[in-house]
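Asks: 3D, please:
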Amino acid sequence: MAQYIEIQGGDLRARIAPNNGGMVAQLTIDGIDIFRLNEGAIETTPMSAGGNPVMFPFPSKTKDDRYTLDGRAYAMPMHGLVKNSSFAVRSQTDSSVRLWHSGSDSQKEANYPFDYVLEIEYSIVGNSLISTAYVTNKSDRPLPHYLGWHPYFKATNKAALQFEHSMTSHYNYIDYKDEPTILDLDLSKSWDDVFHTPETREFTLYNKPDGYLARYKLDEAHNVLVVCSWVEGAVCLEPWCGLPNSINSGRFVRTVQPGETEQYSVELEVQKL
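Replies: Numbering: from 1, shown residues only. Below you'll find the model as predicted:
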C-alpha cells in the first residue's frame, strides 16, 4: 500500500508518494481534485496511475531504447530510471518536503554511467505548488540529462476544456524534425504531440466542468511541452527540459559539471472556477 506525505498551505493540499517515484500523487484546492489518480495502480504502474510522476534522466523513449555515450551503448527504459524508485526524506515542514534519490551500481553499469543525487523539493506558496529538482553530479565527467514532469490533469469533459500555450514549434518525433506549431488544440481529440520553444514561459488549462484553472509557469530550462489527451479521464500537459531522444540528437540536453548542482523549477498555480 502506498505511503504518503501531505503538505498544505491555505486551501491547497498535496500528497506525495516518496516510495513511488517521489511523485505528487494528489493535488487539491478546497477539496477539488486537480490530478486524476488510480490509487490501486500506483504500486504496480506509477507512470500510468496518474498524479504527477518525475522523469529522469531522460523522459520519453530513446531510439531503440538505447543511447551511446563516449563510444559505449547503454539501455534506457521509457521515461527514465526513477519512475519506480524510492526517495528518502531530506527535510519536511507543514508546507514543503524535500526528497532525495541516488542511482545504484547496477544502473550505473547498464543504464547511466554516473554517480548522481536527484533531489525533489515540493513547496506550497499561496495557491501554487512549486516543484524544484536539484541534480548533483558526483562523477568525474559532465553529466547529460533533461528531466520532465508528467501531470495527469483530471478531465471529465474534454470537449469543454480550454487550453492556451505559446510554443513556437511542433516537433515530429517520428521523423525527428520541426514543423509549424499548432496553437488551437481541441483536447477532446486524441493528441500525443510535442511542442517546444515558448514565447511566454507558461501554459494554462481552463477546466470549468471540474471546477479549476491550472497554470504552469516555467523556468528557462523547460523549453518543451508534451500534450497527451487520449488517456482516460485526464489530459497530460507535461513540461520537459528536452525532446524525445534528445540524448541521441543533442538538442536541449542539459549538463551538470563534476561536483556541481543544477536546479530546475516549475510552478503550478491553481484557482477554483
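
Asks: if I look at the residue nearest to the spatial centre of the chain, how far off is Leu27?
Replies: The residue lying closest to the centre of the chain (CA atoms, centre = their mean) is Trp149, at 0.4 Å. Counting by CB to CB, to the nearest Å, the gap from Trp149 to Leu27 is 12 Å. Heads up, the C-betas are built off the backbone N, CA and C, glycines and all.

Asks: so what sits against both of those two?
Replies: Common contact partners of Trp149 and Leu27 (CB atoms under 8 Å, 6 or more residues apart in numbering): Asn52.

Asks: residues in contact with Gly71?
Replies: By CB under 8 Å, 6+ apart, no residues touch Gly71.

Asks: leaving out sequence neighbours, find the closest residue to the residue nearest to the centre of the chain.
Replies: The spatial neighbour of Trp149 that comes closest, neighbours along the chain excluded (CB to CB, 6 or more residues apart in numbering), is Pro239 at 5.5 Å.

Asks: does the one you found touch Tyr146 like I think?
Replies: No - using CB atoms under 8 Å, Pro239 makes no contact with Tyr146, being 11.4 Å away.

Asks: quick one: contacts for Leu27?
Replies: Going by CB under 8 Å, 6+ apart, Leu27 touches Leu12, Arg13, Ala14, Arg15, Asp33, Ile34, Phe35, Asn52, Leu129, Leu268, Val270.

Asks: adding neighbour count, distance to Gly103 and secondary structure, write those residues out as TSV.
Replies: Listed next are those as TSV, based on neighbours: other CB atoms under 10 Å; distance: CB to CB, whole Å; DSSP: H, G, I helix; E, B strand; the rest coil:
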residue	neighbour count	distance to Gly103	secondary structure
Leu12	22	32	strand
Arg13	18	31	strand
Ala14	28	26	strand
Arg15	20	26	strand
Asp33	16	33	strand
Ile34	26	31	coil
Phe35	22	27	strand
Asn52	26	22	strand
Leu129	26	26	strand
Leu268	24	27	strand
Val270	21	33	strand
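
Asks: returning to that earlier point: since we're on the residue nearest to Trp149, how many residues are nearby?
Replies: As a burial measure, Pro239 scores 27 neighbours (other CB atoms under 10 Å).

Asks: so which elements touch the helix or strand hosting Leu213?
Replies: Assigned by DSSP states H and E, Leu213 falls within strand 212-218. Counting contacts by 3 or more CB pairs under 8 Å, 6 or more residues apart in numbering; DSSP states H and E, strand 212-218 packs against strand 202-207, strand 234-240, strand 261-272.

Asks: over to Thr168. Which of the three states is it?
Replies: Assigned by DSSP: H, G, I helix; E, B strand; the rest coil, the conformation of Thr168 is strand.

Asks: now the residue nearest to the centre of the chain: phi and psi?
Replies: In terms of degrees, to the nearest 10, the main-chain angles of Trp149 are phi -120, psi 150.

Asks: quick check: it touching Tyr264?
Replies: No - counting by CB under 8 Å, Trp149 stays clear of Tyr264, with 9.6 Å between them.

Asks: for the residue lying farthest from the centre of the chain, phi and psi?
Replies: Distance from the C-alpha centroid of the chain peaks at Gly71, with 29.2 Å (CA atoms, centre = their mean). Main-chain torsions, Gly71, degrees, to the nearest 10: phi 80, psi 0.

Asks: check Ser106 too.
Replies: According to degrees, to the nearest 10, Ser106 has phi -70, psi -40.

Asks: please apply the same query to Ala49.
Replies: According to degrees, to the nearest 10, Ala49 has phi -70, psi -20.

Asks: okay, now it: neighbour count?
Replies: Counted with other CB under 10 Å, the neighbours of Ala49 add up to 23.

Asks: also Pro77?
Replies: Per other CB under 10 Å, the neighbour tally for Pro77 reads 13.

Asks: quick one: contacts for it?
Replies: Per CB under 8 Å, 6+ apart, neighbours of Pro77: Asp65, Asn111.

Asks: run the last query once more with 10 Å
Replies: Applying CB atoms under 10 Å, 6 or more residues apart in numbering to Pro77 gives the contacts Phe58, Lys61, Thr62, Asp65, Lys83, Asn84, Asn111.

Asks: go on, Leu187?
Replies: 153, 155, 158-163, 205, 207, 227-229, 235, 237.

Asks: now, the most widely separated pair of the residues you listed?
Replies: Using CB to CB, the contacts of Leu187 span at most 18.3 Å, a distance reached by Ala160 and Cys228.
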